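**Q** Need coordinates for the following:
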Amino acid sequence: MKFTIITNYTSSHSIALHSKVLDKLSVSEFQLINVKFGVIEKNAVTLLKHQEEESVIHISADLFTGFLLPEFLEYEVTIEEEALLIGPIIGLFILGKFDEMTRQRMRIYKKYLIDYEHLNGLILLVTSDGINQENKIVNGFAYNPIEEEWMKGTFPFPSVIYCRKTVNKVERLILENLIGNKYFNSHVFNKWEMWQWLSTNAELRKYLPETGLAVNLQEVKKLLDESGCIFLKPISGMKGSGIYQLTKSSQEYTLQYRLSGLNMLTVLDNWEAVKYYLETELNLKKYIFQKGIQLLKYDDRVIDFRAIVIKDRNGSWAVPGMVAKYGEKKSIVSNISSGGSAEKSWETLSEMYGGDFKEAYKKYKEMEQISILCCRLLEKRGIHLAYIGIDIGMDEDKNLWIIEINNRSPDMTIALDANDSQLYYQTKAAPLHYSKWVAGFRGELK
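**A** Next comes the predicted model:
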């Protein structure tokens, strides 16, 4: 049930609800109760009863000292730990300064509100310099669903934060002080950390290519001699940039890579030449090496799959969909930003299995299970995530391999590249639905 707020200037330290709402919440008139607006808590507030519309809440003006709770919004109410929550109040922690925010700059965040009618409450854009930690308020921008614009003001600090920027140590301490662990997608981990963590799990280990630190060139040579092909990848690289494929034949060594949008090839006569090239052209301390997997190709285009993994509105991991990525011809990477393309995963799998839908479905479910298992393992490490992109490759024997976990800021537009607008908007809305669940609003009052 949605509620509108009316400010009451005739009473003090009180909130008036309709008698039916009091009954639904299992509270009574004149009861003293703590009330929370985001992280701001008002103690011993008197509950009163009114006989107006059931969907109206009267709140005394003195409870709003120092901040706004916009009356043009519709809110929900619930009881959690014997406190009355009015909200939800959710924040998107964004890059930039408060005074730098323009209407044009803030436009990109509206797409997260595509399903606002099922969110309700106060959705804020929060900048680091807008936070007043002492008073638990924020100078920020509230979403106005009527005008579909952002409104500047001072508001209660949100009870949940979805991080849309890199969070530094100082900001992390501030968030933890205000909301504990109720902020997510703030933790950035690299490829080496990912491999170390996932390889401890026996079930996932079989999906991981052999990997090591490239600074150990003897180990690089050993794996290359054994497998004939390895990849060198930046530990913290993104979008397929800086990746090298090193192949050994009986006569020579071949390096393939991309440079300025072009596929490049360098042929070297012996290992000493390879070693010299790697030591002079790459900062090996910032690279890993990985056993080369012969991924399936179509028309000389390498193929892998992006599993989109979210926390749903019930706080559970889910895979709303996957996208198949096709690299540019003869490219060693499948990234869209490197000339690749995408299509719905089911179309690719159906073609791979020659129309055997049962086998295609089994492989889809296997990728789904791998993805959720990865997320659960990361969660056990104390990493609070709610939206991840996991890249999974399939070799010529149709074995699956975990290629990469995109946790920094997985590009949601990959679904649009695959002409799957439903998946795009579902993914876009998911983090705020999860935020609502974290905030304690887990089912509307009927």
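**Q** remind me, longest helix of the chain?
**A** helix 357-380 (DSSP state H).
**Q** How many neighbouring residues does Tyr276 have?
**A** 12 (other CB atoms under 10 Å). From N, CA and C alone the C-beta is placed, and that goes for glycine too.
**Q** Model confidence at it, what's the number?
**A** Tyr276 is assigned 95 on the pLDDT scale.
**Q** Pretty sure it sits in a strand.
**A** No. Counting by DSSP: H, G, I helix; E, B strand; the rest coil, Tyr276 falls outside a strand, being helix.
**Q** Next, work out how far apart it and Leu282 are.
**A** According to CB to CB, to the nearest Å, Tyr276 and Leu282 sit 11 Å apart.
**Q** Could you do Gly212 as well?
**A** With CB to CB as the criterion, Gly212 and Leu282 are 15 Å apart.
**Q** The stretch 51-200 of the chain: helices as residue ranges?
**A** 103-106, 169-179, 191-198 (DSSP state H, counting those that start in this stretch).
**Q** And the ones you listed: which comes nearest Ile310?
**A** When the helices of the stretch 51-200 of the chain are compared by CB to CB, helix 191-198 sits nearest Ile310, at 18.7 Å.
**Q** Show residues contacting that closest one.
**A** 189, 204-205, 208, 211, 213, 233-237, 288, 374, 377-378, 381, 402, 404-405 (CB atoms under 8 Å, 6 or more residues apart in numbering).
**Q** looking at this, Asn263 is in a strand?
**A** Yes. Using three-state DSSP, the assignment for Asn263 is a strand.
**Q** Pretty sure Leu22 sits against Ala16.
**A** No. Judged on CB atoms under 8 Å, Leu22 makes no contact with Ala16 at a distance of 9.6 Å.
**Q** Mind checking which of those two has more residues around it?
**A** Taking neighbours as other CB under 10 Å, Leu22 and Ala16 compare with Ala16 leading, 22 against 18.
**Q** need the next SSE after the worst-scoring helix or strand of the chain on mean pLDDT, C-terminal direction.
**A** In the chain, the helix or strand scored least confidently by mean pLDDT, DSSP states H and E is strand 297-298, which has a mean of 84. Under the assignment DSSP states H and E, the closest C-terminal helix or strand after strand 297-298 is strand 301-311.
**Q** in the protein, what residue sits furthest out from the centroid?
**A** The outermost residue of the chain, judged against the average C-alpha position, is Gln251 (46.1 Å), by CA atoms, centre = their mean.
**Q** distance of it from Pro234?
**A** On the measure of CB to CB, Gln251 and Pro234 end up 29 Å apart.
**Q** Next: Gln294.
**A** From Gln294 to Pro234 the distance is 22 Å (CB to CB).
**Q** Can you list the strands that the least confident helix or strand of the chain pairs with?
**A** With DSSP bridges as the test, strand 297-298 is paired with strand 301-311 (antiparallel).
**Q** Now do the partner strand and helix 357-380, the angle between them.
**A** Interaxial angle, strand 301-311 versus helix 357-380 (axes from the mean of the first three to the mean of the last three CA atoms, to 10 degrees): 50 degrees.
**Q** which of the residues in strand 301-311 are buried?
**A** Going by neighbour count (16 or more other CB atoms under 10 Å), the buried part of strand 301-311 is 301-311.
**Q** Next: stretch 414-424.
**A** Result for stretch 414-424 [16+ other CB under 10 Å]: buried residues 414-415, 417-418, 420, 423-424.
**Q** before we move on, what about stretch 189-200?
**A** 189-192, 194-195, 197-198.
**Q** okay, the residues you listed in a markdown table with pLDDT next?
**A** As requested, the buried residues of stretch 189-200 are exported to a markdown table (pLDDT from 0 to 100):
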| residue | pLDDT |
| --- | --- |
| Phe189 | 88 |
| Asn190 | 90 |
| Lys191 | 93 |
| Trp192 | 95 |
| Met194 | 93 |
| Trp195 | 94 |
| Trp197 | 95 |
| Leu198 | 96 |
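**Q** Can I get these in CSV including distance to His50?
**A** Formatted as CSV, the buried residues of stretch 189-200 follow (distance: CB to CB, whole Å):
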residue, distance to His50
Phe189, 52
Asn190, 56
Lys191, 59
Trp192, 60
Met194, 55
Trp195, 60
Trp197, 54
Leu198, 56
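**Q** Pull the most distant pair out of those residues.
**A** The distance between the two most remote of these (CB to CB) is 12.7 Å, for Asn190 and Leu198.
**Q** Sketch out the low-pLDDT regions of this protein for me.
**A** 238-240, 330, 332-339, 444-446 (pLDDT under 70).
**Q** residue closest to the middle of it?
**A** Centre-nearest of the chain using CA atoms, centre = their mean is Tyr387, 2.8 Å out.
**Q** Would you list the phi and psi of that one?
**A** phi -150, psi 120 (degrees, to the nearest 10).
**Q** Distance-wise, check it relative to Lys311.
**A** Taken as CB to CB, the span from Tyr387 to Lys311 is 7 Å.
**Q** Tyr361 now?
**A** For Tyr361, the distance to Lys311 (CB to CB) stands at 24 Å.
**Q** was I right about Lys285 contacting Val215?
**A** Yes. Shown here, Lys285 and Val215 form a contact pair, counting by CB under 8 Å, at 5.3 Å.
**Q** neighbour count winner among those two?
**A** Val215 (15 against 9).
**Q** can you tell me how far the closest residue to that one other than its chain neighbours sits from Asn270?
**A** Once flanking residues are discounted, Val215 sits nearest to Leu284: 4.6 Å by CB to CB, 6 or more residues apart in numbering. For Leu284, the distance to Asn270 equals 19 Å [CB to CB].
**Q** Likewise for Gly91?
**A** Taking CB to CB as the measure, Gly91 falls 57 Å from Asn270.
**Q** Kindly report the same for Asp417.
**A** Taken as CB to CB, the span from Asp417 to Asn270 is 42 Å.
**Q** quick one on the thing from earlier: taking the contacts of helix 191-198, please make a PyMOL selection of just the buried ones.
**A** Buried members of the contacts of helix 191-198, defined by 16+ other CB under 10 Å, are picked up in PyMOL with:
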select buried, resi 189+204+208+211+233+234+235+237+288+374+377+378+402+404+405
